[in-house]
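K.L.:
Sequence first, then the predicted structure, then my questions.
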Amino acid sequence: MLTPTGEALAEPRPTLRQAQAKLDKLNDRADKVVDRYNAANEKYKDAKKLYTKLNDSYKRKLATVADLRAQVVSMAIDNYQLGSDMLSWPSMLGADNPSGMLNGLVLAGRITQARAETLVAFDRENRSLKSDRDNAQNALSAADDKRDGVEKERTEILALIKQQKKLLKKLGAYRTGDPNSTGLKYTGPASGNAAAVLRFAYAQIGKPYVFGATGPGGWDCSGLTQAAWRAAGVSLPRTTWSQWAWGAARKVSVNDLQPGDLIFSNGLGHVGIYAGNGKMVHAPQTGDVVKISPLTGRSLVGAIRP
């Protein structure tokens, strides 16, 4: 746009309120992307564990087959040196029923039971070796696909974080946090599991929010809730959505909250721990730290009591 004198007008700078509104939208979006990242990362880790398990099994079987092959070769040499007419048995390996054929040789006295068992074992292990190898390779391929999904979500998150940091610094609200923070001591009325949960969560206050983090120097929202309840002996799933699904039979009204309850908000994009007196302890978003916040002004979805 030009002034009557032909000079270009500068773009108006956004107000702090506009910047805050944009930040709120970014935070909501980031919550959802981080949860997708966490879900993809959990699937990747599961796929990698399966590959490791299958590959270890394949390696063990490979060693077994190698040992049996050495025994089979030794038996073939013995047969040859003795001028035995048993040289036909190698052709039985790979047949539809080598066990039956070999048992026939045993009954005919043309091969010992021990040698027959060795040959049957070699045939069995050798047949399943390819299957084990293929299963391991398929699991590795699946893990690679899951890793690609993780990287895709990670790339989107990093772009969001860049925007978030820029706006937070403009608002003068960027907080780096202290990974070594010792937090606060919980002195509330909760008892039992809830007290253990809140003691753990309070001890994390002041540590930075870090997407995908599960401690000890930084947390994301579901990483904190998972670890806090683990401290009380309860195993929660990793992501916000999976924690909500896990608690399907444990839901409580937001009007009947008790300390330690998990509170879900922002369309299930965020989770925190109810601390009592209308407040919760949580890991909010990029540029902030684990802290205690009021529930007022939040779009609450619901709560569960683990």
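P.N.:
Okay, I see it.
K.L.:
which helices and strands does the helix or strand harbouring residue 18 pack with?
P.N.:
Using DSSP states H and E, residue 18 maps to helix 16-81. Judged by 3 or more CB pairs under 8 Å, 6 or more residues apart in numbering; DSSP states H and E, the packing partners of helix 16-81 are helix 113-171, helix 221-230, helix 240-246. All C-beta spots, glycine's among them, are computed from the backbone N, C-alpha and C.
K.L.:
Off-centre distance for the helix or strand where residue 264 lies?
P.N.:
Per DSSP H and E, residue 264 falls inside strand 262-265. Taking the mean of its C-alpha atoms, strand 262-265 sits 21 Å from the chain's own mean (CA atoms, centre = their mean, to the nearest Å).
K.L.:
which other residues reach it?
P.N.:
For strand 262-265, the surrounding residues in contact (CB atoms under 8 Å, 6 or more residues apart in numbering) are 225, 240, 243-244, 247, 254, 257, 270-274, 280, 295, 298-306.
K.L.:
switch the cut-off to 7 Å
P.N.:
225, 240, 243-244, 247, 271-274, 280, 298-304, 306 (CB atoms under 7 Å, 6 or more residues apart in numbering).
K.L.:
List the neighbouring strands of that strand plus their orientation.
P.N.:
Strand 262-265 sits in its sheet next to strand 270-276 (antiparallel), strand 300-304 (antiparallel), going by DSSP bridges.
K.L.:
Run a quick neighbour tally on residue 64.
P.N.:
A count of neighbours around residue 64, defined by other CB atoms under 10 Å, yields 15.
K.L.:
Tell me how far the most centrally placed residue in the chain lies from residue 209.
P.N.:
Nearest to the geometric centre of the chain sits residue 42, at 1.8 Å (CA atoms, centre = their mean). Between residue 42 and residue 209 the distance, using CB to CB, to the nearest Å, works out to 19 Å.
K.L.:
Tell me the secondary structure of the residue lying closest to residue 190 once chain neighbours are set aside, please.
P.N.:
Closest residue to residue 190 apart from its sequence neighbours, by CB to CB, 6 or more residues apart in numbering: residue 259 at 3.8 Å. Following DSSP: H, G, I helix; E, B strand; the rest coil, residue 259 is assigned to coil.
K.L.:
confidence score at residue 259?
P.N.:
Listed pLDDT for residue 259 reads 97.
K.L.:
And residue 57, by the same measure?
P.N.:
So, for residue 57, pLDDT stands at 81.
K.L.:
ok, it touching residue 132?
P.N.:
Yes - Residue 57 lies in contact with residue 132 (CB atoms under 7 Å); the separation is 5.9 Å.
K.L.:
pLDDT below threshold where in the chain?
P.N.:
1-16, 65-66, 68-123, 125 (pLDDT under 70).
K.L.:
again, only this time at 50
P.N.:
Low-confidence segments of the chain, defined by pLDDT under 50: 1-12, 80-83, 85-89, 91-95, 100-102, 104-110.
K.L.:
and the residue nearest to residue 218 when sequence neighbours are not counted, how many neighbours does it have?
P.N.:
Once flanking residues are discounted, residue 218 sits nearest to residue 210: 3.4 Å by CB to CB, 6+ apart. Residue 210 has 18 neighbours, counted by other CB under 10 Å.
K.L.:
now do residue 297
P.N.:
6.
K.L.:
Let's verify it: helix, strand, or coil?
P.N.:
Residue 297 - assigned by three-state DSSP - is coil.
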